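Engineer: need the 3D shape of this:
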Amino acid sequence: MTDYTPPKVWTWNKENGGRFANINRPIAGPTHDKELPVGRHPLQLYSLATPNGIKATVMLEELLALGHTGAEYDAWLINIGTGDQFSSGFVDINPNSKIPALLDRSGPTPIRVFESGAILVHLAEKFGALLPTDPAKRAEAFSWLFWQMGSAPYLGGGFGHFYAYAPTKIEYAIDRFAMETKRQLDVLDRRLAESEYLGGDEYTIADIAVWPWYGGLAKGVLYEAGEFLAVHEYKNVQRWADQIAERPAVQRGRMVNRTWGEPSTQLWERHEASDFDTKTQDKLQAAK
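Structural biologist: Numbering: from 1, shown residues only. Here you go, the predicted structure:
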C-alpha cells in the first residue's frame, strides 16, 4: 500500500476500475439504442443469475409451484459484462441500470418494477402469496427483507469486491468488510436459532431475498470465501441454507439466466416451463 491523499475534486480514472472497469462509469443513462424483446407472457423479466437476479426467478417459480398461473413469465438474458444494462430499452425500465428489472404487462398499462426487493413485494402483493397477512409476521418478514437490501452491499460491494475482484489486495479493506460480513452471519445465525425461517414459521420473501446472498456464502459458493470466513461455524445458517436449497422452485429459479457452471445448470432464457427439460445448455449443445 502507498499513501493516498484524496484530491480536492475527484475525477474518474478508468484505469483504477479493476475487473469491472469496462462497465462502471460515474454517470447514468443509456449508452446505445436498443429495444428490449417482449414475449407472450404477462410478466417480462430482464435479468442475470446473480444473487439479486436469482431472487426474482425463484419468486416466480415459487408462485407457479403454488398454482398461480398468472405468474408465467419470459426471462430474457441481460449480459452485464457487455453492457446490455445500458441499452435505451433497459434504462427505460430501470434508470439505475441494474438487474433484475420487471415489466408487468398484465394490466391495461404496463408497470415497470426495478430493485429486487421491490419486485418481490410487487409479486407477493399481486398474487397474495409468500408474505404473511398477520401484521406482526408481515412486519417481521419486511424487516428481514429490508435488512438484506441494506446489508448485502457490505457483502457484495464491500467484502466480495475487495476479497475477490479488486486488482490489489488491501488488508485494511478486506479486514473491515470481513468483520462486517461475519457480524451479519452472526445476526442471521442467532435469528435462525430461534426460528425456522427468517420471518417466523413461514417461508416468505424474506428467505427468498436473503438466501441467494448469505446461503451462497454459507455453502462456500459466493466468492469461494467459505474457508476464509469459517462459515461452517454458523450452524443455523447452514441448516436454513440447505433446507431452502432443497426446494424444487429454488433449484429451477437459480438456473434461469445462468451463463456459468455446468451446462446442465444453465438456462439462458426461460419462456416455458418445459424449457428446463429441453433448453438447458447441455441439451442445446447435444442437439447441434
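Engineer: so how far is L188 from V237?
Structural biologist: 5 Å (CB to CB, to the nearest Å). The C-beta positions use only the backbone N, C-alpha and C, and glycine is treated the same way.
Engineer: find residues that contact each of those two.
Structural biologist: Listed as contacting both V237 and L188 by CB atoms under 8 Å, 6 or more residues apart in numbering are Y214.
Engineer: measure P7 to N13 for me?
Structural biologist: 11 Å.
Engineer: same deal with G128?
Structural biologist: Distance, G128 to N13, using CB to CB: 50 Å.
Engineer: so what does the nearest residue to K279 once chain neighbours are set aside have for phi and psi?
Structural biologist: Spatial nearest neighbour of K279, chain neighbours left out: L267 (6.3 Å); criterion: CB to CB, 6 or more residues apart in numbering. When read as degrees, to the nearest 10, the backbone of L267 gives phi -120, psi 100.
Engineer: L267 and T278 touch, don't they?
Structural biologist: No: between L267 and T278 there is no contact under CB atoms under 8 Å: 9.9 Å.
Engineer: who has more neighbours, those two?
Structural biologist: L267 (27 against 11; other CB atoms under 10 Å).
Engineer: look through the chain and tell me its longest helix.
Structural biologist: Across the chain, the longest stretch assigned as helix under DSSP state H is helix 171-194.
Engineer: okay, strands next: where are they in the protein?
Structural biologist: Taking DSSP state E to define them, one finds strands in the chain at 43-47, 73-77, 101-104, 111-114.
Engineer: neighbouring strands - and their directions - for the first one?
Structural biologist: Looking back up the chat, that one is strand 43-47. strand 73-77 (parallel), strand 101-104 (antiparallel) (DSSP bridges).
Engineer: looking at these, spot the one closest to A28.
Structural biologist: When the strands paired with strand 43-47 are compared by CB to CB, strand 101-104 sits nearest A28, at 14.2 Å.
Engineer: distance from the closest one to the middle of the chain?
Structural biologist: Put simply, strand 101-104 sits 15 Å off its chain's centre (CA atoms, centre = their mean, to the nearest Å).
Engineer: what is the mean pLDDT for that strand?
Structural biologist: Averaging pLDDT along strand 101-104 gives 98.
Engineer: show residues contacting it.
Structural biologist: By CB under 8 Å, 6+ apart, strand 101-104 touches 36, 38, 42-47, 56, 78, 90, 93-94, 110-114, 119, 122, 126.
Engineer: any of those buried? List them.
Structural biologist: Those of the contacts of strand 101-104 that meet the buried threshold are 36, 42-47, 56, 78, 90, 93-94, 113-114, 119, 122, 126, by 16 or more other CB atoms under 10 Å.
Engineer: residues touching the residue most central in space within the chain, list them.
Structural biologist: The chain has N52 as the residue nearest its centroid, 1.2 Å off, counting by CA atoms, centre = their mean. N52 makes contact with 98-100, 116, 212, according to CB under 8 Å, 6+ apart.
Engineer: residues contacting the residue nearest to K279?
Structural biologist: L267 touches 255-258, 275-276, 279-281, counting by CB under 8 Å, 6+ apart.
Engineer: list only those of those flagged as buried.
Structural biologist: 255-258, 275-276, 279-281.
Engineer: now pLDDT too, for the residues you listed, in JSON lines please.
Structural biologist: Converted to JSON lines, these look like this (pLDDT from 0 to 100):
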{"residue": "M255", "pLDDT": "98"}
{"residue": "V256", "pLDDT": "98"}
{"residue": "N257", "pLDDT": "98"}
{"residue": "R258", "pLDDT": "98"}
{"residue": "D275", "pLDDT": "98"}
{"residue": "F276", "pLDDT": "98"}
{"residue": "K279", "pLDDT": "98"}
{"residue": "T280", "pLDDT": "98"}
{"residue": "Q281", "pLDDT": "98"}
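Engineer: excluding residues flanking it in the chain, which one is nearest Y165?
Structural biologist: Leaving aside its chain neighbours, Y165 sits nearest to R19 (4.7 Å; criterion: CB to CB, 6+ apart).
Engineer: report the buried residues of the longest helix of the chain.
Structural biologist: For helix 171-194, by 16+ other CB under 10 Å, it's 173-174, 177-178, 181-182, 184-185, 188-189, 191-192.
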